[in-house]
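Colleague: coordinates only, no sequence provided:
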């Protein structure tokens, strides 16, 4: 119960910060998330709403990274497990992951015209350019739509994502096997 209240409080603070950002001159550019131990940056301009993770209704004959569909605010969204999508497992070899109590669904911005939500294990917060001291080019392995890897002063890497690129990739849009 305390975890749920803490999570709601975090979400409320995050929403307040997002709303206050334009008036305070805050330079947040990304929503920082974790999935299967990886650290990722989702551009705020490409992200939609954030919802607590719910079990998706599974759909047969789909890719291992496609968890199924959920109803969010009356709309039907396909749910993609971010960690599995980025790992790109061979077809037919699903890699189940334990559900985290802090798991969230982050929808794509409606302007991208894709009814999709990414499942992540945990929200970390907002990040701006001032949080990073350097970057390296995106890795060659993995799906298209990976941006540069940004590095904190401590050396911790964060992989930038490009949801707009994913929303136009046939391999992302083709969930059936």
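Modeller: Okay, I see it. Quantities reported herein were computed from a predicted structural model and do not represent experimental measurements. Residues are numbered from 1 along each chain as shown.

Colleague: give me the element residue 67 is part of.
Modeller: Residue 67 is part of strand 66-72, with elements assigned from DSSP states H and E.

Colleague: quick one: low-confidence residue ranges for this structure.
Modeller: By pLDDT under 70, the low-scoring segments of the chain are 1-26, 88-99, 142.

Colleague: can you show me the helices along it?
Modeller: Along the chain, counting by DSSP state H, helices occupy 2-24, 82-87, 163-166, 170-173.

Colleague: thinking again about what came up before, by contact count, what packs against the strand holding residue 67?
Modeller: The criterion is 3 or more Cβ pairs under 8 Å, 6 or more residues apart in numbering; DSSP states H and E, and the helices and strands that strand 66-72 contacts are strand 75-81, strand 104-108, strand 116-120. Backbone N, C-alpha and C define where each C-beta goes, glycine included.

Colleague: redo that, cut-off 10 Å
Modeller: Counting contacts by 3 or more Cβ pairs under 10 Å, 6 or more residues apart in numbering; DSSP states H and E, the secondary-structure elements packed against strand 66-72 are strand 47-52, strand 75-81, helix 82-87, strand 104-108, strand 116-120.

Colleague: partner strands of the first one, parallel or antiparallel?
Modeller: Using DSSP bridges, the neighbouring strands of strand 47-52 in the sheet come out as strand 104-108 (antiparallel).

Colleague: let's check: the centremost residue of the chain is which one?
Modeller: Per Cα atoms, centre = their mean, the C-alpha nearest to the average position across the chain is that of residue 118, at 4.7 Å.

Colleague: isn't that residue up against residue 66?
Modeller: No. The pair residue 118 / residue 66 is not scored as a contact, 11.5 Å apart, by Cβ atoms under 10 Å.
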